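Colleague: Sequence isn't available, so here's the structure alone:
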């Protein structure tokens, strides 16, 4: 990075600090899903689904990391895990039984928590139960999140996963630096990760690795060493995402000293470093996502779609979430399962959908327009195409977004955007460092929210 770019990044990182902005895995973000749930309507939509993405939430972790924003459960004995699988089987039957054919899915994802923390018997039981109701499409992805620990992700477990149809595994690395890891209460050994990921790749799995920048005590030198080690390990896909510090929502984050967090300028420099080091072996697609050249991860275009399932070249509007706190979207309706384990199981024992009241959101036409811009165009890495929006939604961009135009023009003056008053608005290289700040311009829900209230 040249000196001029450094000075510009320093100025912009102070003006467009993304500290309290969401990741935009959905639009609107889930903290704004506040409508009551109509269980009868949800049940009807589920019965009418022919195909959907499927997310299975497995919350158990060996230890709890302080930085994490996911819903997770510390430890869990084998009996607790078996009881949870029984609850998942109840939810599967409640949502997907009585159909003439199984639900088709091109993308089945086991997330957590750490799904690989289940033992082999439990993994097989859950996979067999899922196959009773869901059929993986040809060339579909069956994915599982894992911790890069060879004592958890054993060769026997990987062979079982392969036999059960899993073809994709995602390892949470975040960073290899010991001081950074100690601050977030996590362990991740370079050699163990290399061995575990190498074994998974040798067995034919497509491998994704997650990295997190902006963590406590994480400087350019620490992150550079991690990035260079990751390049040697050569996963098929790398997702490098910014740390989201919301201690009001995630109390364990209070264990992270606030002064240990890098400032907004260093956070921007960390991402710039990732781009620089990964550029020779990886192609950047959309926000945060890097695809290995000639690897197993194939994308037909140059952009990705971001959602709760991660990133992919296409996004299905239908998502069936299973497990406590799991998110679903059917039709234009977002809804979330209850988070508390006892309430989740109690609802299923009573034969009710475990949907949390007051955490549902029905998309309006305005939501659909703004989601197209935020999720598919801005975070997907493509220009805002005014004619395409008119063709799809019948709106004149400059008229519909007349209140947003002055802010967009100001961003253009700062070098974040080009062509605000032309048919296509392009995010510049500088603008990509602040893509969520650009997305925020189109988010009327978030603008009226108090600091600390939001989720991702």
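Modeller: Yep, that arrived. Model, not experiment: these values are computed from the prediction.
Colleague: pretty sure residue 58 contacts residue 110?
Modeller: Yes. The pair residue 58 / residue 110 is scored as a contact, 5.8 Å apart, by Cβ atoms under 8 Å. Heads up, the C-betas are built off the backbone N, CA and C, glycines and all.
Colleague: Flag the shaky bits of the stretch 201-350 of the chain, pLDDT-wise.
Modeller: For the stretch 201-350 of the chain, applying pLDDT under 70 flags the ranges 299-316.
Colleague: Can you show me the helices along it?
Modeller: Applying DSSP state H, counting those that start in this stretch to the stretch 201-350 of the chain gives helices spanning 220-233, 264-278, 341-349.
Colleague: Can you tell me what sits against the shortest one?
Modeller: What it means is helix 341-349. The contact list for helix 341-349 (Cβ atoms under 8 Å, 6 or more residues apart in numbering) reads 73, 83-84, 87, 90-91, 94, 323-324, 337-338, 353-355.
Colleague: Show me how far it is from its chain's centre.
Modeller: Offset of helix 341-349 from its chain centre (Cα atoms, centre = their mean, to the nearest Å): 26 Å.
Colleague: And for the longest one?
Modeller: Computed by Cα atoms, centre = their mean, the separation of helix 264-278 from the middle of its chain amounts to 20 Å.
Colleague: by contact count, what packs against that helix?
Modeller: With contacts defined as 3 or more Cβ pairs under 8 Å, 6 or more residues apart in numbering; DSSP states H and E, helix 264-278 has these neighbours: helix 3-15, strand 206-213, helix 220-233, strand 237-242.
Colleague: thinking again about what came up before, please identify the most buried of the helices of the stretch 201-350 of the chain.
Modeller: helix 264-278 (a mean of 20; mean count of other Cβ atoms under 10 Å).
Colleague: Could you pull up the mean pLDDT of the longest helix along the chain?
Modeller: Scanning the chain for the helix with the most residues, using DSSP state H, yields helix 78-96. Mean pLDDT, helix 78-96: 97.
Colleague: thinking again about what came up before, distance to residue 253 for the helices and strands packed on helix 264-278 - can I get that in TSV?
Modeller: Output for these, formatted as TSV (distance: least, Cβ to Cβ, whole Å):
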stretch	distance to residue 253
helix 3-15	21
strand 206-213	13
helix 220-233	20
strand 237-242	14
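Colleague: Residue 372: which of those is closest?
Modeller: Minimum separation from residue 372 across the helices and strands packed on helix 264-278 (Cβ to Cβ) falls at strand 237-242, 22.0 Å.
Colleague: residues making contact with the closest one?
Modeller: With Cβ under 8 Å, 6+ apart as the criterion, strand 237-242 contacts 18, 23, 206-214, 230, 267, 271, 274, 278, 282, 288-292, 295, 297, 310-311.
Colleague: Run the angle between it and helix 220-233 for me.
Modeller: The directions of strand 237-242 and helix 220-233 differ by 160 degrees, with axes from the mean of the first three to the mean of the last three Cα atoms, to 10 degrees as the criterion.
Colleague: Mind listing the strands strand 237-242 pairs with, and their directions?
Modeller: The strands beside strand 237-242 in its sheet (DSSP bridges) come out as strand 206-213 (parallel), strand 289-292 (antiparallel).
Colleague: Please compute how far the shortest one lies from its chain's middle.
Modeller: Counting by Cα atoms, centre = their mean, strand 289-292 is centred 15 Å from the centre of its parent chain.
Colleague: counting residues per strand, which one in the protein is longest?
Modeller: Identified as the longest strand of the chain according to DSSP state E is strand 134-146.
Colleague: for that one, which positions count as buried?
Modeller: Applying a neighbour-count criterion of 16 or more other Cβ atoms under 10 Å, the buried positions in strand 134-146 are 134, 136, 140, 141, 142, 143, 144, 145, 146.
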